[in-house]
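Undergrad: The amino acid sequence is not available; the structure is as follows:
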Ligand code: PAF
């Protein structure tokens, strides 16, 4: 696997790949089997797979969340190699933000509700970095998990609005045995929190109303940001102590 840290170097490699189909999986590292399923699919559908690891500072609305975000590069490199990923793009923040974040990508409708309401600025940062990464990598297909459903919708909407020459491939959420969605943040749950966390997906896909689910979660000790039905899905965001979980199921 080639590890590329500079935009210029990637563009040199990219020139040699004009006759290849390129699949791109953007990540923030701390890779798990959820990412694994994206690499596997990208490998099946393309000649070359590029992954990026960039813990994007502009999409964290709380500085301690950015500071606490797990950084596991050695594990991640071995994980990518086990999926035969061809290139890892691993830039520094200065490489991605030569403009010091003076240019931003903003969406005004979908991004202001749910996650946008509870995490101000998050989607600006996410859309900005995804736009930059898509422009740099110039892939044929880019893979996004359905776990971050609102993110997926926004990326699809941006690609359409800006005529970006890439196809966005949505990929199903991968779950642990207790049905909790795999997520880099969930690895911070201790044993007791983990037991409690499994009630979140259980209730989210139950026959109960969103109001009843909120009630049940509160009784179990969760702090609930929202449980709503939208986009033919039921989506939720909750806190277990200082760890925030999001999830969604198709209705
Ligand atoms: O879902 C993520 O890991 C991030 O939001 C992404 C798409 C890599 C952008 O930083």
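TA: Looks like it came in fine. Computed from a prediction, not measured in an experiment: that's the story for all the values here. Numbering: from 1, shown residues only.

Undergrad: all contacts plus neighbour counts: C-alpha atoms, from now on.
TA: Noted.

Undergrad: do stretch 43-51 and the ligand meet at all?
TA: No. Judged by C-alpha under 6 Å from any ligand atom, stretch 43-51 and the ligand are separated, with a smallest distance of 9.6 Å.

Undergrad: what's the offset of that stretch from the middle of its chain?
TA: Distance of stretch 43-51 from the chain centroid (C-alpha atoms, centre = their mean, to the nearest Å) equals 18 Å.

Undergrad: any idea of the mean pLDDT in it?
TA: The average pLDDT for stretch 43-51 rounds to 98.

Undergrad: got a list of contacts for that stretch?
TA: With contacts defined as C-alpha atoms under 8 Å, 6 or more residues apart in numbering, stretch 43-51 is touched by 20-27, 39, 42, 84-89, 137.

Undergrad: Mind listing what's buried along that stretch?
TA: If you call a residue buried by 16 or more other C-alpha atoms under 10 Å, then stretch 43-51 has these buried ones: 43, 46, 48, 49, 50, 51.

Undergrad: go on, stretch 76-84?
TA: Applying 16+ other C-alpha under 10 Å to stretch 76-84 flags 76, 77, 79, 80 as buried.

Undergrad: what about the last one, which helix or strand?
TA: Residue 80 belongs to helix 73-82 when elements are defined using DSSP states H and E.

Undergrad: who touches the residue nearest in space to the middle of the chain in this structure?
TA: For the chain, the residue nearest the mean C-alpha position is residue 148 (5.9 Å; C-alpha atoms, centre = their mean). Residue 148 is in contact with 246, 247, counting by C-alpha under 8 Å, 6+ apart.

Undergrad: cool, and the one 3 residues further on?
TA: Residue 151 sits next to 123, 126 when contact means C-alpha under 8 Å, 6+ apart.

Undergrad: the helices in the stretch 101-250 of the chain, which residues?
TA: Assigned by DSSP state H, counting those that start in this stretch, the stretch 101-250 of the chain shows helices spanning 115-118, 122-137, 149-161, 191-197, 199-204, 210-219.

Undergrad: Include distance to residue 248 and mean pLDDT when you put the ones you listed into TSV, please.
TA: Converted to TSV, the helices of the stretch 101-250 of the chain look like this (distance: least, C-alpha to C-alpha, whole Å; pLDDT from 0 to 100):
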stretch	distance to residue 248	mean pLDDT
helix 115-118	12	97
helix 122-137	18	98
helix 149-161	7	98
helix 191-197	14	95
helix 199-204	7	98
helix 210-219	12	98
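
Undergrad: Among these, single out whichever gets nearest to residue 57.
TA: For residue 57, the closest of the helices of the stretch 101-250 of the chain is helix 122-137, at 7.9 Å, according to C-alpha to C-alpha.

Undergrad: Let me see the ranges of the strands in this structure.
TA: 2-4, 22-27, 48-53, 87-89, 141-145, 167-171, 223-230, 233-240, 243-250 (DSSP state E).

Undergrad: Look at the nearest residue to residue 244 once chain neighbours are set aside and say how many residues are nearby.
TA: In this structure, residue 244 finds its nearest non-sequential neighbour in residue 238, 5.7 Å apart by C-alpha to C-alpha, 6 or more residues apart in numbering. Neighbourhood size, residue 238 [other C-alpha atoms under 10 Å]: 21.

Undergrad: Could you do residue 245 as well?
TA: Residue neighbour count, defined by other C-alpha under 10 Å, stands at 19 for residue 245.

Undergrad: do the one 3 residues further on as well
TA: Other residues within reach of residue 248 by the criterion other C-alpha under 10 Å amount to 24.

Undergrad: need the contact list for it.
TA: By C-alpha under 8 Å, 6+ apart, the neighbours of residue 248 are 147, 149, 201, 204, 233, 234, 235, 236.

Undergrad: next one: residue 32
TA: So residue 32 contacts 182, 183, 184 (C-alpha under 8 Å, 6+ apart).

Undergrad: out of those, who's nearest residue 195?
TA: For the contacts of residue 32, the residue nearest residue 195 by C-alpha to C-alpha is residue 182; the value is 14.5 Å.
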